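Trainee: Please find the sequence and the predicted model below.
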Amino acid sequence: MTTALHPDKDGPVLSEETARQPYVYRRRPLEEPDWRRIPGWRDVTQDEWESAQWQRAHCVKNLRQLRQVMGDLLDESFYADLERDQAERATMSMLLPPQMLNTMDSSSTDAFHADPVRRYMLPVFSDRRTDWPSHPHAARDSLHEAEMWAVEGLTHRYPTKVLAEILPTCPQYCGHCTRMDLVGNSTPNVDKHKFTVKPPDRLGAMLDYLRRTPGVRDVVVSGGDVANMPWPRLESFVAALLEIDNIRDIRLASKALMGLPQHWLQDDVRAGMERLAATAHERGVQIAIHTHVNAARSVTPLVAKAARAMLDTGIRDVRNQGVLLRGVNDSPAELLDLSFALLDEAAIMPYYLYMCDMIPYSEHWRLAVWEAQELQHAIMGYLPGFATPRIVCDVPYVGKRWVHQLADYDRERGISYWTKNYRTGLEASDPDALTRRYEYHDPIYTLPERGREWWRQQAEAA
Ligand code: SF4
């Protein structure tokens, strides 16, 4: 039996139970902030804003362009902080579509600095840890994907699934990108690796491998971001996948569904996706788009429109794979706000939240496994079960594990131990692959003093 706290017939009725909940759900209308508040976009029309070409041509790629757009909305101190990060820390070059920059709070330099989207899309030096900017076990290709390439760019890690990195670019670059080894332009800190095989030959080799490998049923078509591949080439690659009898699931990875929704709203893209969805339907294959949204404020009406346009083509689903990042979405309320914005307002299925991988200079973004476990616990029970995102740790040489699946955990040193139940492409003849324990490491600054001291001693002895 519930008791109305506000029996006033015009006011919201709160039950006693609701009033005591750690999180209170309310529908929140989506908002497209007015871009004309930004000095550089004062005269930009709605038609221009909604044009993919205009968005691409006006992406912010460097400090000079950021100054031109933001003008004196930001203090000099911010630009200096950014410049230092670009020179000394950044693993990704700057690339911000206006759509994404517009969702950041630009009401003051402090608000901009604190903005969750700014924190991961436009990192500054003062964001980063100075004690341990990188974990000693951080690595460029921290998931060892290139070691598991069956052919260049095709990672065969799980028994039935492959990841096809069809191109190394995106319409936007995220500061924490896991594929910082390969994706985007080189920075002063990171000389990017390059694919060596020409794109048509590389894609052809991937298709050949899949035709010869009947144990694979699921292809994640990624990069990079598939929105950067000219549509006819992407369509012909996906159409070729649809011809392979054992391929039953095709997932197209595109953060641009959020970062540049204008791309997915173009007539040729919608028409092409309709053709693919029709063929997939005939053959009983599921096509889905997997996007990457980390903060509720990124879900705007244009993002919702793009997601619904894609669902209207007949594809199976649009799902979100966000990344759990400190200062961005590390509270239960932020994760639930994000999930409800996606699910209720944009028809995007909250699916996974990845822990941030152990790449260089990512310590300030990373959470400890125990923190991720607490967050998973805190968000259970509010969303429908099918839409409750699973928080997963991508364990090197293992793959995704739910954060409660660890086999052991040394909380003092921040080392979690994980096992697996399949062999990756590297371990066909390794008798210990399924009994070995694989490690993941918490950020050192989250450890008790004895653990931090242990890591200091390890570093001195190295
Ligand atoms: S969109 Fe994905 S691949 Fe591209 S930079 Fe961001 S995280 Fe990396």
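Mentor: Nice, I can see it.

Trainee: Domain map for the chain?
Mentor: Listed by automatic domain parsing, the domain ranges of the chain are 37-127, 146-403.

Trainee: tell me the most buried of those domains?
Mentor: domain 146-403 (a mean of 20; mean count of other CB atoms under 10 Å). Any C-beta I mention is one placed from the backbone N, CA and C, and that applies to glycine too.

Trainee: What is the end-to-end distance of that one?
Mentor: Start-to-end span of domain 146-403 (CA to CA, to the nearest Å) is 24 Å.

Trainee: what's the spacing between it and its chain's center?
Mentor: Centroid displacement of domain 146-403 relative to its chain, using CA atoms, centre = their mean, to the nearest Å, is 7 Å.

Trainee: next one: stretch 21-41
Mentor: Computed by CA atoms, centre = their mean, the separation of stretch 21-41 from the middle of its chain amounts to 20 Å.

Trainee: and what of stretch 50-63?
Mentor: 20 Å.

Trainee: where does this protein dip in pLDDT?
Mentor: Applying pLDDT under 70 to the chain flags residues 1-19.

Trainee: got the residue ranges for the strands in it?
Mentor: Remark: strands assigned in the chain by DSSP state E are 149-151, 154-155, 161-165, 218-222, 249-253, 286-291, 317-324, 349-355, 390-395, 399-402, 408-410, 415-418, 438-441.

Trainee: Listing partners with orientation, what would you give for the last one?
Mentor: So the one you mean is strand 438-441. Strand pairing for strand 438-441, determined by DSSP bridges: strand 415-418 (antiparallel).

Trainee: Likewise for the fifth one?
Mentor: Partner strands and pairing direction for strand 249-253 (DSSP bridges) are strand 218-222 (parallel), strand 286-291 (parallel).

Trainee: And the ones you listed: which comes nearest the ligand?
Mentor: strand 218-222 (7.2 Å; CB to the nearest ligand atom).

Trainee: That closest one to strand 161-165, inter-axis angle?
Mentor: Between strand 218-222 and strand 161-165, the angle comes out at 20 degrees (axes from the mean of the first three to the mean of the last three CA atoms, to 10 degrees).

Trainee: For the stretch 101-250 of the chain, which residues are neighbours of the ligand?
Mentor: Where the stretch 101-250 of the chain comes near the ligand, counting by CB under 6 Å from any ligand atom, the residues are 170, 173, 174, 177, 179, 183, 223, 224, 225.

Trainee: Which of these sits closest to residue 422?
Mentor: residue 179 (22.4 Å; CB to CB).

Trainee: Make CSV out of the strands of the chain and add distance to residue 269.
Mentor: Converted to CSV, these look like this (distance: least, CB to CB, whole Å):
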stretch, distance to residue 269
strand 149-151, 27
strand 154-155, 24
strand 161-165, 19
strand 218-222, 15
strand 249-253, 11
strand 286-291, 11
strand 317-324, 14
strand 349-355, 21
strand 390-395, 30
strand 399-402, 29
strand 408-410, 45
strand 415-418, 39
strand 438-441, 38
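
Trainee: of all those strands, which lies closest to residue 199?
Mentor: strand 161-165 (11.2 Å).

Trainee: Other residues contacting the closest one?
Mentor: The contact list for strand 161-165 (CB atoms under 8 Å, 6 or more residues apart in numbering) reads 145, 150, 153-157, 179, 182, 206, 210, 216-224.

Trainee: Over to stretch 140-152?
Mentor: With CB under 8 Å, 6+ apart as the test, stretch 140-152 has contacts from 155-157, 162-163, 165, 178-182, 190, 193, 195-197, 202, 205-206, 208-209, 213, 357-360, 394, 396-397, 424-426.

Trainee: Also stretch 55-64?
Mentor: 49, 66, 69, 79, 82-83, 86, 93-99, 101, 171-172, 260, 262-263.

Trainee: Skip the chain neighbours and tell me the closest residue to residue 435.
Mentor: residue 419 (7.4 Å; CB to CB, 6 or more residues apart in numbering).

Trainee: Check residue 214 too.
Mentor: Counting by CB to CB, 6+ apart, residue 246 is the residue found nearest to residue 214 once chain neighbours are left out, at 4.8 Å.

Trainee: quick one: contacts for the one you found?
Mentor: Under the criterion of CB under 8 Å, 6+ apart, the neighbours of residue 246 are 210, 214, 215, 216, 217.

Trainee: Export these to CSV and append columns for distance to residue 30.
Mentor: Output for the contacts of residue 246, formatted as CSV (distance: CB to CB, whole Å):
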residue, distance to residue 30
210, 38
214, 44
215, 42
216, 38
217, 36
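
Trainee: Inside helices: which ones of those?
Mentor: Among the contacts of residue 246, DSSP state H puts residue 210 in helices.

Trainee: Can you say which of the domains of the chain is nearest to residue 133?
Mentor: Ranking the domains of the chain by proximity to residue 133 (CB to CB) places domain 146-403 first, at 5.3 Å.

Trainee: Can you pull the residues of the stretch 251-400 of the chain lying near the ligand?
Mentor: Residues of the stretch 251-400 of the chain lying near the ligand (CB under 6 Å from any ligand atom): 255, 292.

Trainee: List of residues touching stretch 392-401?
Mentor: With contact meaning CB under 8 Å, 6+ apart, stretch 392-401 is reached by 139, 142-144, 157-158, 178, 352-355, 357-358, 369, 372, 402-403, 406, 416, 418-420, 424, 426, 438-440.

Trainee: nope, stretch 405-415 is what I was after
Mentor: Stretch 405-415 has contacts (CB under 8 Å, 6+ apart) with 368-370, 393, 416-419, 437, 439-444, 446-448, 450-451, 454-455.
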